[in-house]
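K.L.:
Return atomic coordinates for the entry below.
(chains A and B)
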There are 2 protein chains.
Amino acid sequence: MIQTSLVPAGALPGGFRFSAVTAGLKPSGKPDFAVAVADEAASAAAMFTGNKVKAAPLQVGSKHLEHSGGKIRVVAVNAGNANCATGKAGLRAAEAVCTAAAKTFGTTENEVFPSSTGIIGVPLPYEKLIATLPEVERTLAATPEAFSSFATAILTTDTRPKVAQATIHVDGREVRILGAAKGAGMIHPQLVPHATMLVYLFTDAAVAPAALKALLEGSVELSFNRISIDGDTSTNDTVLLLASSVSGASVDEHHEGFRSALREICTSLAKQIVDDGEGVTHVVELQINGGASDADALRVAKAIAHSPLNKTAWAGSDPNWGRLMAAAGYSGAELDPARINIWLGEQKICENGGRVADFDKSRAHQYLTQRNVTIRLDLGLGSGSCVFWTTDLTTEYVHINADYST
Amino acid sequence: MIQTSLVPAGALPGGFRFSAVTAGLKPSGKPDFAVAVADEAASAAAMFTGNKVKAAPLQVGSKHLEHSGGKIRVVAVNAGNANCATGKAGLRAAEAVCTAAAKTFGTTENEVFPSSTGIIGVPLPYEKLIATLPEVERTLAATPEAFSSFATAILTTDTRPKVAQATIHVDGREVRILGAAKGAGMIHPQLVPHATMLVYLFTDAAVAPAALKALLEGSVELSFNRISIDGDTSTNDTVLLLASSVSGASVDEHHEGFRSALREICTSLAKQIVDDGEGVTHVVELQINGGASDADALRVAKAIAHSPLNKTAWAGSDPNWGRLMAAAGYSGAELDPARINIWLGEQKICENGGRVADFDKSRAHQYLTQRNVTIRLDLGLGSGSCVFWTTDLTTEYVHINADYST
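P.N.:
Residues are numbered from 1 along each chain as shown, chains lettered A, B, ... in the order given. Got it, this is the predicted structure:
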């Protein structure tokens, strides 16, 4: 367990305890099994990857949520193995972990939510996870340090944990929301209501499962579903939100304060994931305006975010804006090249589809030497818009991913 | 002009002369203006990129073909500047080159077909091209050396020229088909009948423009539209087929011998483009079978071909087949993971969606150390299939594209 804490003591939502131990799945020997336990069954809402190949724990977690009526006591997350493309044995392995955790923590297996992240296609050594449950039970704690160890054990190629928290007031009571996320590669979450990014959100508000689901979906669409590192949508992406009700404050799906705090936390975690992307040296905020529709603006953002030629240009701080035009052109969005305007930060570089007369290439290059940059395209057609966060593509990304399993 | 010839003298279709000169658009100072002239107006068929941002020469060439009724005398190709995202001035620049070439070679500008490849968004220095026309005229020749210089001048980041040829017999007469192609990055042609890949095909068969178009479309769909290096569909992709009729042999769109020879040439050029892709160390043939439809098989092939995680795994000769499953899963194709079988070459590595019991990782790794590999997925659903050629993604690709314009 790491000794530093990522959040202040006051940030912990009441009703939850955390732990992380070493089960031996990570070759590094670092903690790889993270567990969160709610004192009483918490309201729960989850979203999973839109990938048609769904890892075993997603199938099991989805079923458990359904059977328990949206109630969860235990979240059991292993890193180092995705338990995906592992067939029926994979489903049995996930179930075995849930059954053992249910016994350890005095609940039913339907109230246990499993998650896995790591390599695909390798059988999950579930016995190693089960063998650690007594140690997990001994070390569970409602402390910042325990939460920090939880947030760290779920990491794989990430270089640092990602947490975000908010405290809001509801009916005179303090309500806390706290989240932990992991993910640095295979990141292009397309979460659907029923994603190798894992996100766990905890609150002590009292929220019914249906309202929790509505609140979660609204926040995820504009945060985790608006990021891409490599365009590869994972088989394991999962976002889980648990509400313990310990604060005594009730929140429904229309509660603006809670909704806005939750969205801010999700956006913060999403941006932290992008910032810690594999080999990343540039974080790019794409602002697309003037689309024929929001959907078209998103098509343009995704085409640019997934274009190797744009991503490598950013790596070289190269203001090769023609590549932006090319990606917009094949995005599938409605387009009139002669209406396109493009800005790098505050510098307009393309007007009506052509280079501005006073194009200052060295200024544009200088701007792109910064780690955080904003690129804005106005398509000049309508009021469709979106904001999307993505990364460059560096030689380091290639090194990391050319040698992941061997 | 290079002195070696890429094709034997007997491979040259009658009725065409070729040249290439240095206009000063390539920073390297190498020849960058390639011209082919037909002795008499040739039947012509062309296909252009599906990208909605289309370079000026594509717009001009398309209009000229329409106005001339499918007849072309002069093909004028510059490398070093794409003349794309250059507005109305770009259209005027392309027209100016055509007008000057028409005057030099005694034809009308509608019988001149312009092409450009290189950086996007920079005004075309068309005066430099026009200034070389007298030299072009002096050096035009119906020789293998002249054709070789044509095939070489059109290159940009390519490391070598790409040519393919066939001689067939039609009604007792010899008919020749000869092609030259360029392209190494921004390669994912999606050619539509009305792509920075440029392909020029010449034949001395007598073929009416409509039949030529039908023959070209059939061949392109299964060759150039089945390759991807980086997934970036260019603004400038163009395939042009000219028929001089000098052989005296008539061919219609149903002529099997011609159709099959043309398809073989297109497939050879497409594979040469992939093989010379930027930074490529692995050429991967994806064979997708068992799809619910051919379109679904193609979706799976493209998702894999565009997945940075698969492309980097290949760079590392890493048999991380879970990444194949993940890409298939988000491809949009109908899928049942439990029915998927995967082979690397002759080695079955995934059966019914899970790792084969006797998985031999070192054998799989060994296979992937070869430059040319075949990956086969059987989706187990129907009779949909496709063959697709793609490449790995290496640190060298990143180097090449991070420093292209600066």
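
K.L.:
And the pLDDT at the residue in the stretch 101-250 of chain A that chain B sits nearest to?
P.N.:
Closest contact between the stretch 101-250 of chain A and chain B, by CB to the nearest CB, is at A:Ile120 (2.4 Å). For the C-beta atoms, the positions are set from N, CA and C on the backbone; glycine is no exception. On the pLDDT scale, A:Ile120 is placed at 85.

K.L.:
so what's it closest to, chain neighbours aside?
P.N.:
Spatial nearest neighbour of A:Ile120, excluding adjacent residues (CB to CB, 6 or more residues apart in numbering or on different chains): B:Gly322 at 2.4 Å.

K.L.:
secondary structure class for the residue of the stretch 101-250 of chain A closest to chain B?
P.N.:
Secondary structure for A:Ile120, judged by DSSP: H, G, I helix; E, B strand; the rest coil, is coil.

K.L.:
Give me the domain ranges for chain A.
P.N.:
A:9-275, A:283-402 (automatic domain parsing).

K.L.:
looking at the ones you listed, which has the lowest confidence?
P.N.:
Taking the mean pLDDT of the domains of chain A, domain A:9-275 comes last: a mean of 90.

K.L.:
returning to what we had before: thought A:Cys84 was touching the residue nearest to A:Ile120, still the case?
P.N.:
Yes - contact status for B:Gly322 versus A:Cys84: in contact at 6.4 Å, counting by CB atoms under 8 Å.

K.L.:
which residues do those two both contact?
P.N.:
A:Ile120, A:Gly121, A:Thr235 (CB atoms under 8 Å, 6 or more residues apart in numbering or on different chains).

K.L.:
Among those residues, which one has the most neighbours?
P.N.:
A:Thr235 (33 neighbours; other CB atoms under 10 Å in any protein chain shown).

K.L.:
For the residue nearest to A:Ile120, give its distance to A:Leu262.
P.N.:
As judged by CB to CB, to the nearest Å, B:Gly322 and A:Leu262 stand 32 Å apart.

K.L.:
Show me which positions of stretch A:80-91 end up buried.
P.N.:
Buried residues in stretch A:80-91, counted by 16 or more other CB atoms under 10 Å in any protein chain shown: A:Gly80, A:Asn81, A:Ala82, A:Asn83, A:Cys84, A:Ala85, A:Thr86, A:Gly87, A:Gly90, A:Leu91.

K.L.:
Let me have those residues in JSON lines, extended by distance to chain B.
P.N.:
Formatted as JSON lines, the buried residues of stretch A:80-91 follow (distance: CB to the nearest CB, whole Å):
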{"residue": "A:Gly80", "distance to chain B": "14"}
{"residue": "A:Asn81", "distance to chain B": "11"}
{"residue": "A:Ala82", "distance to chain B": "7"}
{"residue": "A:Asn83", "distance to chain B": "11"}
{"residue": "A:Cys84", "distance to chain B": "6"}
{"residue": "A:Ala85", "distance to chain B": "5"}
{"residue": "A:Thr86", "distance to chain B": "6"}
{"residue": "A:Gly87", "distance to chain B": "4"}
{"residue": "A:Gly90", "distance to chain B": "8"}
{"residue": "A:Leu91", "distance to chain B": "11"}
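
K.L.:
out of the residues you listed, which are inside helices?
P.N.:
A:Gly87, A:Gly90, A:Leu91 (DSSP state H).

K.L.:
quick revisit: can you tell me which of the buried residues of stretch A:80-91 comes closest to A:Ala42?
P.N.:
Taking CB to CB as the measure, A:Ala42 lies nearest A:Asn83 of these, at 23.6 Å.

K.L.:
my read: that closest one touches A:Ala56, true?
P.N.:
Yes - A:Asn83 is within contact range of A:Ala56, at 4.7 Å (criterion: CB under 8 Å).

K.L.:
mind checking the SS state of the residue lying farthest from the centre of chain A?
P.N.:
Here the centre of chain A is the reference, and by CA atoms, centre = their mean the most remote residue is A:Ala357, at 41.4 Å. When classified by three-state DSSP, A:Ala357 comes out as coil.

K.L.:
For stretch A:378-397, measure first residue to last.
P.N.:
30 Å (CA to CA, to the nearest Å).

K.L.:
repeat for stretch A:356-376
P.N.:
15 Å.

K.L.:
Any idea how many residues pack against the residue lying closest to A:Ala402 once chain neighbours are set aside?
P.N.:
Distance criterion CB to CB, 6+ apart; nearest residue to A:Ala402, sequence neighbours excluded, is B:Gly316 at 2.9 Å. Counted with other CB under 10 Å, the neighbours of B:Gly316 add up to 24.

K.L.:
Same check on A:Gly24?
P.N.:
15.

K.L.:
you'd agree it is up against A:Tyr126?
P.N.:
No - checked against CB under 8 Å, the pair A:Gly24 and A:Tyr126 is beyond contact range at 11.9 Å.

K.L.:
For chain A, which segments count as helices?
P.N.:
Going by DSSP H, chain A shows helices at A:56-67, A:87-105, A:126-131, A:133-139, A:144-153, A:209-221, A:256-275, A:294-305, A:308-315, A:322-330, A:361-368, A:395-402.

K.L.:
What are the contacting residues of the fourth one?
P.N.:
I take that to be helix A:133-139. A:Met1, A:Ser19, A:Val21, A:Phe33, A:Val35, A:Ala100, A:Ala101, A:Thr104, A:Phe105, A:Ala146.

K.L.:
let's see 7 Å
P.N.:
A:Ser19, A:Val21, A:Val35, A:Ala100, A:Ala101, A:Thr104 (CB atoms under 7 Å, 6 or more residues apart in numbering or on different chains).

K.L.:
So among those, which ones count as buried?
P.N.:
A:Ser19, A:Val21, A:Val35, A:Ala100, A:Ala101, A:Thr104.

K.L.:
Save the residues you listed as JSON lines, and put in distance to B:Glu396 too.
P.N.:
Below are those laid out as JSON lines (distance: CB to CB, whole Å):
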{"residue": "A:Ser19", "distance to B:Glu396": "45"}
{"residue": "A:Val21", "distance to B:Glu396": "42"}
{"residue": "A:Val35", "distance to B:Glu396": "44"}
{"residue": "A:Ala100", "distance to B:Glu396": "48"}
{"residue": "A:Ala101", "distance to B:Glu396": "47"}
{"residue": "A:Thr104", "distance to B:Glu396": "51"}
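
K.L.:
and A:Ser43, what is it in contact with?
P.N.:
A:Ser43 is in contact with A:Gly70, A:Lys71, A:Val207, A:Ala208, A:Pro209, A:Leu212, A:Ala243, counting by CB under 7 Å, 6+ apart.

K.L.:
let me redo that: A:Val21
P.N.:
Counting by CB under 7 Å, 6+ apart, A:Val21 makes contact with A:Pro31, A:Phe33, A:Thr132, A:Glu135, A:Val136, A:Thr139.

K.L.:
repeat that with 6 Å
P.N.:
By CB atoms under 6 Å, 6 or more residues apart in numbering or on different chains, the contact set of A:Val21 is A:Pro31, A:Phe33, A:Thr132, A:Glu135, A:Val136.

K.L.:
cool, A:Asp296 as well?
P.N.:
In this structure, A:Asp296 makes contact with A:Ala333, A:Glu334, A:Gly384, judged by CB under 6 Å, 6+ apart.

K.L.:
ok, now how distant is it from B:His188?
P.N.:
21 Å.

K.L.:
What residues does the stretch 201-350 of chain A have near chain B?
P.N.:
A:230, A:232-233, A:235, A:307-309, A:312, A:315-316, A:318, A:320-322, A:325-326, A:329-330, A:335, A:337 (CB under 6 Å from any CB of the partner chain).

K.L.:
what's the neighbour count on the residue of the stretch 251-400 of chain A found nearest chain B?
P.N.:
Nearest to chain B in the stretch 251-400 of chain A, going by CB to the nearest CB, is A:Gly322, at a distance of 2.4 Å. A:Gly322 has 27 neighbouring residues, counting by other CB under 10 Å.

K.L.:
Tell me which residues of the lengthiest strand in chain A come out buried.
P.N.:
Using DSSP state E to define each element, chain A has its longest strand at strand A:33-49. Within strand A:33-49, the residues that qualify as buried by neighbour count (16+ other CB under 10 Å) are A:33-38, A:41-49.
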